[in-house]
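J.: heads up, no residue letters with this:
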């Protein structure tokens with residue numbers, strides 16, 4: 001028997017990030033770095049402090065809300081923002097490996113060769129007789145600067161951290177005194193002035209040639225994140241900065257469409273893939289600081305989910321303020337594959353930045369845990385199941401049919417393995433035997449009726465019209481190898497897609513089995529519904545113990 005805790009176990013590199021009893025508190029060091037002479041809008045320490053640590057619409061507040069207070073970003077007590085500091089060298093020094101970008105800014109066009117470009121001393125590659133000329137093992141020539149960096153941006157990260165060390169002592173963050181700052185000890189974000197926002201996660205070093213670790217104050221730092229932006233900061237800056245800090249802090253995986261990844265089975269997350277989360281997950285929300293998907297939250301310990309281990313009515317409050325969610329699973333597939341159901345009522349939460357077209361209601365997610373999907377897993381193993389996954393006449397996703405809402409018949413029909421246009425089958429068409437009925441109208445408290453398959457050995461009931469009645473050679477079995485159903489007679493019902501029931505016509509139960517077979521045959525011929533009681537034996541179904549006609 002699985003428990004909620006089994007679903008919270010680490011997977012895909014995700015692990016618990018705080019709890020109610022022991023909230024995770026991580027210092028966030030913000031370093032403002034201004035590229036000299038680039039003409040970008042000046043950085044503002046006070047506005048950056050508000051962006052990262054403000055009481056409203058900030059990175060720290062986003063973490064507080066999404067984690068239910070279980071993950072808290074802590075500013076440095078005396079230097080919440082270090083800087084802005086001016087770069088040591090002129091800006092083309094740091095962008096030297098992107099000549100088209102440099103020419104665009106110096107000359108007004110990527111293909112323009114003006115005097116400023118010609119006089120630029122940081123062109124790559126430099127002449128062979130230049131002391132900065134460096135050839136790597138493959139013979140490719142680079143500009144090697146005096147501090148041992150081939151990459152200008154790598155130089156900038158080390159420069160910013162070394163500059164920050166003049167104001168704070170990084171060794172203060174080394175909790176276990178191992179001489180290395182992990183992302184559990186401290187998070188470093190380097191802010192660069194730019195008129196458009198962008199972010200990324202980067203590995204840092206003390207030098208490229210020879211390769212050395214970056215050491216300051218007696219501790220090494222190996223990874224940081226960058227945020228490019230300028231004041232005044234708006235909600236899109238909160239989204240970009242939050243996403244990058246979350247990549248660094250908790251191993252957040254990207255979910256936006258990625259056209260560069262090709263898989264053997266052809267599973268590519270395209271723009272028109274209705275399984276993409278869109279504005280229901282931060283990394284696919286187009287710079288809107290909405291909540292993250294529930295799978296990440298589940299693994300980080302930021303949800304308080306119920307386990308639908310029995311059929312019944314379940315209540316879901318807004319996930320944004322309560323952490324409510326419902327885990328729907330099959331006892332025959334356990335934690336390998338399951339659904340997550342959450343109420344995405346916006347209210348005053350960060351989900352208020354979601355576009356109005358999404359409306360309100362329940363979000364249903366299909367989650368797969370398979371080590372074979374580890375590469376780029378968030379696009380391959382976490383899928384949104386929309387009420388209507390069909391594209392519109394222009395080939396676009398129907399955003400207004402993303403959430404389940406009982407006030408709209410198109411978004412509140414009964415869901416099961418053969419429902420349409422959405423269904424509850426697992427991958428490769430395997431029946432989950434889960435049903436969702438009676439979805440209430442969207443609101444801050446929603447209810448659903450859930451039916452789940454019985455556990456192995458439990459007694460189950462099914463009622464409906466017989467679709468198939470088949471007698472076959474004893475011992476040959478029925479169904480997939482992993483879930484073979486024994487029975488001399490196999491019966492399926494129209495109300496139980498993907499399910500079959502076996503009747504024994506030989507052995508000790510032969511007399512009773514033949515009587516049940518007669519009832520089934522008569523009902524099949526007369527097109528009358530039957531009621532079956534059975535002992536669950538596998539994901540396919542079970543062994544019949546009692547049959548009677550429904551009429």
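T.: Okay, I see it. Quantities reported herein were computed from a predicted structural model and do not represent experimental measurements. Residues are numbered from 1 along each chain as shown.
J.: Test of understanding: give the bridge partners of the residue nearest to residue 3 when sequence neighbours are not counted.
T.: In space, not counting the residues next to it along the chain, residue 3 is nearest to residue 307; the distance is 7.0 Å by Cβ to Cβ, 6 or more residues apart in numbering. The C-beta positions use only the backbone N, C-alpha and C, and glycine is treated the same way. Listed beta-bridge partners, residue 307: residue 327 (assigned using DSSP bridges).
J.: residue contacts, residue 307?
T.: In this structure, residue 307 makes contact with 2-4, 7, 327, 329, judged by Cβ atoms under 8 Å, 6 or more residues apart in numbering.
J.: got it, and residue 542?
T.: For residue 542, the residues meeting the contact criterion (Cβ under 8 Å, 6+ apart) are 454, 460, 485, 501-502, 534-536.
J.: hmm, try it at 6 Å
T.: Residues in contact with residue 542 (Cβ atoms under 6 Å, 6 or more residues apart in numbering) are 534-536.
J.: circling back to that earlier point, secondary structure, neighbour count and distance to residue 211 added to the contacts of residue 307, as TSV?
T.: Output for those, formatted as TSV (DSSP: H, G, I helix; E, B strand; the rest coil; neighbours: other Cβ atoms under 10 Å; distance: Cβ to Cβ, whole Å):
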residue	secondary structure	neighbour count	distance to residue 211
2	coil	15	46
3	coil	10	46
4	helix	14	45
7	helix	22	41
327	strand	23	45
329	strand	24	47
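J.: and which of those residues is nearest residue 496?
T.: Checking the contacts of residue 307 against residue 496 with Cβ to Cβ, the nearest one is residue 329 at 18.1 Å.
J.: ok, residue 117 touching residue 103?
T.: Yes: taking Cβ atoms under 6 Å as the contact criterion, residue 117 and residue 103 are neighbours in contact, 5.3 Å apart.
J.: More neighbours: which of the two?
T.: Between residue 117 and residue 103, counted using other Cβ atoms under 10 Å, the more crowded position is residue 103 (20 against 16).
J.: The strand or helix carrying that one packs against which elements?
T.: Assigning secondary structure by DSSP states H and E places residue 103 in helix 99-107. Helices and strands in packing contact with helix 99-107 are listed as helix 115-118; criterion 3 or more Cβ pairs under 6 Å, 6 or more residues apart in numbering; DSSP states H and E.
J.: what residues does the helix it packs on touch?
T.: The set of residues external to helix 115-118 that reach it, using Cβ under 6 Å, 6+ apart, is 103, 106-107.
J.: per-residue confidence at residue 232?
T.: In this model, residue 232 is scored at 87, pLDDT.
J.: tell me the domain ranges of the protein?
T.: Residue ranges for the structural domains of the chain, counted by automatic domain parsing, are given in the record as 24-250, 278-451, 459-549.
J.: before we move on, back to that, contacts for the helix holding residue 103?
T.: 92, 95, 110, 112, 114, 116-117.
J.: Tell me how many other residues surround the closest residue to residue 346 other than its chain neighbours.
T.: For residue 346, the nearest residue in space outside its immediate sequence neighbours is residue 352; the separation is 4.9 Å by Cβ to Cβ, 6+ apart. Under the neighbour criterion other Cβ under 10 Å, residue 352 is assigned a count of 13.
J.: Can you check what pLDDT the model gives residue 352?
T.: For residue 352, the pLDDT comes out at 98.
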